[in-house]
Structure formats: structure tokens, C-alpha cells
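>>> would you be able to build a 3D model of this:
(one chain, ligands or ions: 3)
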Amino acid sequence: MAASVVQCHVTGRKWTMAASSIALVFAALVLCLCDGQYEAEPVPLVIWHGMGDSCCNPFSMGAVKKMVERQIPGIYVLSLRIGNSITEDMKNSFFLNVNEQVDFVCKELALNSLLQNGYNSMGFSQGGQFLRAVAQRCPSPRMKNLISIGGQHQGVYGFPRCPGEISKICDQIRKVLNFGAYTRYVQEHLVQAEYWHDPLNEDEYRNSSIFLADINQEKQLNNSYKNNIQLLEKFVMVKFLNDTMVDPPDTEWFGFYQSGQSSKTVTLQESTLYTDDRLGLREMDKAGKLVFIGVEGDHLQFNEEWFTKNIIPFLL
Ligand SMILES: *[C@@H]1O[C@H](CO)[C@@H](O)[C@H](O)[C@H]1NC(C)=O
Ligand SMILES: *[C@@H]1O[C@H](CO)[C@@H](O)[C@H](O)[C@H]1NC(C)=O
Ligand SMILES: *[C@@H]1O[C@H](CO)[C@@H](O)[C@H](O)[C@H]1NC(C)=O
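Ligands and ions are numbered 1, 2, ... in the order given. I've put the predicted structure just below:
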């Protein structure tokens with residue numbers, strides 16, 4: 001399985017290179033004939049998968065990659081693999097400190113010659129907030145559009161269900177989170193604890209969350225986070241309106257439970273993060289850079305027709 005995926009990838013690249021040299025000849029021709037009107041190369045796309053998934057699962061990220069490649073001929077799509085194998089990649093989505101994962105990805109993107117003119121990015125579920133961390137911490141190469149598909153930008157407070165056949169791991173994680181999500185050991189070893197947001201203990205969250213509270217400017221103000229996220233052209237947030245896996249689903253549009261309780265929610269626009277504009281999101285909103293998309297269905301449930309209509313335009 002792994003070998004065939006790698007082979008596919010390599011062949012794809014060769015094809016792209018051959019195609020681009022032909023395109024170059026055509027472009028030169030068209031340039032003479034049509035006074036400079038020619039199609040630019042498609043912007044590359046970087047994908048970050050969700051929890052329990054991997055770069056190359058043919059039924060998830062593999063299929064998404066193929067769909068994008070089919071719809072945007074010649075595009076270079078990099079589906080991130082965190083670790084040395086697909087199995088490691090999947091395990092790391094539970095157990096590798098997110099700050100280390102983000103560092104790893106930043107280095108990989110910086111070294112990839114195909115991304116140096118900029119790229120779009122698309123994160124699925126927790127991959128959405130992880131790519132936002134990449135945008136905020138690593139401005140080079142330049143991320144153009146960030147598309148978050150069911151990402152949890154204000155974290156989660158509950159772990160109602162897990163995708164796929166991994167319910168045993170899921171039960172374990174739920175126990176650990178309830179026992180001590182904010183203890184130092186758990187923070188450093190459990191990915192989901194790093195975006196655990198307890199609205200009844202905001203102080204503890206602020207003090208102890210080593211990932212989410214940091215990128216959301218809850219600990220200290222890091223001006224480079226604000227400057228860097230504002231380099232985005234668009235920040236697209238897709239929310240699954242009937243999500244039963246993410247608690248609360250509002251987090252997919254950067255909303256969350258109102259501080260001090262766990263039933264009433266507030267929108268991004270009602271939050272102090274927005275009104276104080278600690279992360280620059282209000283300014284981005286006023287500039288039309290924030291895009292909120294709602295889709296009927298459960299977590300990550302969408303079809304190609306919806307994707308083509310709603311997401312492909314941001315990848316062109
Ligand atoms: C702010 O973020 C940048 C980019 O990640 C980092 O290099 C820097 O150390 C951070 N500054 C503070 C005060 O944490
Ligand atoms: C959070 O940190 C502040 C400042 O260090 C401290 O005063 C406060 O007691 C801490 N709160 C919790 C719940 O850890
Ligand atoms: C999904 O949620 C939306 C918004 O809350 C609601 O209007 C719709 O009826 C729900 N659909 C299903 C199938 O439950």
C-alpha cells in the first residue's frame with residue numbers, strides 16, 4: 001500500500017514536470033498571440049489530515065487529493081505525513097506534541113522547492129487548527145488561503161464520539177482528558193489535550209494549555225501571530241451543522257461556550273478575542289478575509305458536488 005502510494009506520487013510529479021514544460025511552450029506562444037494573457041500554474045495545495053487518519057488513506061485524504069488533482073489539472077498536492085510511515089503518522093495524530101508537529105511541518109514546507117512561491121492549505125478537523133498554527137508561526141513560504149474543514153479553533157470541551165473503528169483509543173483518551181487534561185505530562189503527550197478548552201476553568205486553560213491557548217493569544221500577545229495570520233488572503237471555516245463529534249460545533253466557526261458554563265455559546269464576533277482583536281480576526285473580517293461556510297451533515301460529511309461548488313474556488 002505504502003509503496004504504491006509513493007510510486008503514484010513520484011509518477012504524478014514527473015507528469016507535472018513534463019506537462020509544465022509543454023505548458024511553457026504554449027504559454028510563450030499565447031503570450032505572443034494574445035498580448036500577455038496566459039494561465040498561471042495552479043497554486044500548490046498542502047493538506048493536513050485529522051485525528052486517527054493519515055496522509056494517504058485511499059478512502060479519505062487519498063481520495064481528496066485525487067479529487068483535487070482531477071479538478072485542477074497540473075496542481076501539486078502535498079498531503080502531509082507526520083512521521084516516517086503511515087502507521088506512525090496515524091499514531092502521531094494522538095500522541096505527538098502538536099508544537100513538535102507544527103515545527104516538523106514548518107521545516108518540511110520551507111525545504112520544499114515546489115512551495116516557494118506560496119501555497120494554499122486545507123486542514124481536516126484538528127488539521128485545521130494545526131495549519132492555522134503553521135500560518136501564524138511560519139510565514140515563509142507564504143500561505144495564501146487557509147481552508148479549515150471542521151477545525152476546532154476554540155478547542156473542544158467533550159469527546160462525544162470518534163471517527164472510524166478506533167473507539168477503544170477514543171475511550172482511553174476520554175478518560176485521560178477527564179482525569180487531567182491540563183497536567184503537564186498529559187499536555188505533552190496527548191494531542192487532544194492540547195486543544196482541550198474547559199470553559200469552567202478558563203484560568204487553568206490559559207495557564208496550562210501548551211498549544212491552543214498559545215496560538216489564540218490567551219497566554220501573552222505575540223504580535224507576529226497577528227501579523228502572520230493577516231498575510232492570509234482568505235481564512236475559510238467550514239462548519240458541519242449537524243456535527244455529533246465536535247463539542248461544541250460552534251468552535252468550527254471560532255465560537256465557543258461562554259466562559260463559566262457549558263451550554264450557552266458565543267460566536268467569534270461576540271468573543272473578546274474578536275472585540276479586543278488580539279489575533280487580528282476582526283480586522284480580517286472587516287476586510288472580507290473570513291469566510292464562514294455551513295454544510296448540513298455530520299463531521300466531515302460532504303460530497304464532491306458540494307466540494308466543487310464551495311471549496312474548489314478557493315484553490316484556483
Ligand atoms: C512569537 O512567535 C514567534 C513565531 O512562532 C516565535 O518565534 C517567538 O518566539 C514568539 N514570541 C514570544 C514572545 O513567544
Ligand atoms: C494561573 O496563573 C496565574 C498567574 O501565574 C495564577 O495567579 C493563577 O492562580 C493560576 N490559575 C490557575 C487556575 O492555575
Ligand atoms: C442540521 O442542522 C441544521 C441547522 O441546525 C438544521 O436546520 C437541519 O434540519 C439539520 N439537519 C438534519 C438532517 O438534522
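
>>> could you check how far the residue of the stretch 51-200 of the chain found nearest ligand 2 is from residue 211?
Ligand 2 sits closest to residue 182 of the stretch 51-200 of the chain, with a gap of 8.2 Å, by C-beta to the nearest ligand atom. (C-beta placed from N, C-alpha, C; glycine too.) Separation of residue 182 from residue 211 (C-beta to C-beta, to the nearest Å): 12 Å.

>>> again, but for residue 314
26 Å.

>>> didn't residue 96 look like it was pressed against residue 191?
Yes: between residue 96 and residue 191 a contact is recorded at 6.8 Å, counting by C-beta atoms under 8 Å.

>>> what's the burial count for residue 94?
17 (other C-beta atoms under 10 Å).

>>> list the residues that contact it.
Residues near residue 94 by C-beta atoms under 8 Å, 6 or more residues apart in numbering: 51, 52, 169, 173, 190, 191, 192.

>>> and the helix or strand hosting it, average pLDDT?
Assessed by DSSP states H and E, residue 94 sits inside helix 86-95. In this model, helix 86-95 has a mean pLDDT of 96.

>>> do any residues in the following helix or strand past that helix lie close to ligand 1?
As assigned by DSSP H and E, the chain's next helix or strand after helix 86-95 is helix 98-111. No: Helix 98-111 stays clear of ligand 1 (C-beta under 6 Å from any ligand atom), getting no nearer than 8.8 Å.

>>> contact partners of helix 98-111?
Residues from elsewhere that reach helix 98-111 (C-beta under 8 Å, 6+ apart): 46, 48, 80, 82, 92, 115, 119, 130, 133-134, 137-138, 140-141, 191, 194-195, 210-211.

>>> how far off centre is that helix?
13 Å (C-alpha atoms, centre = their mean, to the nearest Å).

>>> okay, buried residues for that helix please.
Buried residues in helix 98-111, counted by 16 or more other C-beta atoms under 10 Å: 98, 99, 101, 102, 105, 106, 109.

>>> for stretch 73-80, same thing?
Going by 16+ other C-beta under 10 Å, stretch 73-80 has these buried residues: 75, 76, 77, 78, 79, 80.

>>> show me how this structure divides into domains.
Annotated domains of the chain cover 1-40, 43-314 [automatic domain parsing].

>>> more neighbours: which of residue 182 and residue 211?
residue 211 (22 against 18).

>>> and residue 146, how far from residue 206?
Distance, residue 146 to residue 206, using C-beta to C-beta: 24 Å.

>>> between these two, who's got more neighbours?
More crowded of residue 146 and residue 206, by other C-beta under 10 Å: residue 146, with 25 against 14.

>>> can you give me the end-to-end distance of stretch 140-154?
Across its full length, stretch 140-154 reaches 25 Å between end residues, using C-alpha to C-alpha, to the nearest Å.

>>> buried set for that stretch?
Applying 16+ other C-beta under 10 Å to stretch 140-154 flags 141-154 as buried.

>>> just give the nearest non-adjacent residue to residue 76, would you?
residue 44 (4.2 Å; C-beta to C-beta, 6 or more residues apart in numbering).

>>> I'd say the one you found and residue 79 touch.
No: if you go by C-beta under 8 Å, residue 44 and residue 79 don't touch, sitting 11.7 Å apart.

>>> re the thing from before, out of the domains of the chain, which is the most enclosed?
For these, average neighbour numbers computed from mean count of other C-beta atoms under 10 Å are highest in domain 43-314, which has a mean of 18.

>>> contact residues of the chain facing ligand 3?
241, 242, 296.

>>> contacting residues for residue 197?
By C-beta under 8 Å, 6+ apart, the contact list for residue 197 reads 154, 155, 156, 157, 205, 209, 212, 251, 256.

>>> could you dump these to CSV with distance to residue 186?
Converted to CSV, these look like this (distance: C-beta to C-beta, whole Å):
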residue, distance to residue 186
154, 20
155, 14
156, 15
157, 15
205, 13
209, 11
212, 14
251, 20
256, 21
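
>>> what about those, which are in strands?
Cross-referencing those against strands under DSSP state E gives residue 256.

>>> out of the contacts of residue 197, who's near ligand 1?
Counting by C-beta under 6 Å from any ligand atom, no member of the contacts of residue 197 is near ligand 1.

>>> picking that back up, by mean pLDDT, show me the worst of the domains of the chain.
Here the lowest mean pLDDT among these goes to domain 1-40, at a mean of 42.
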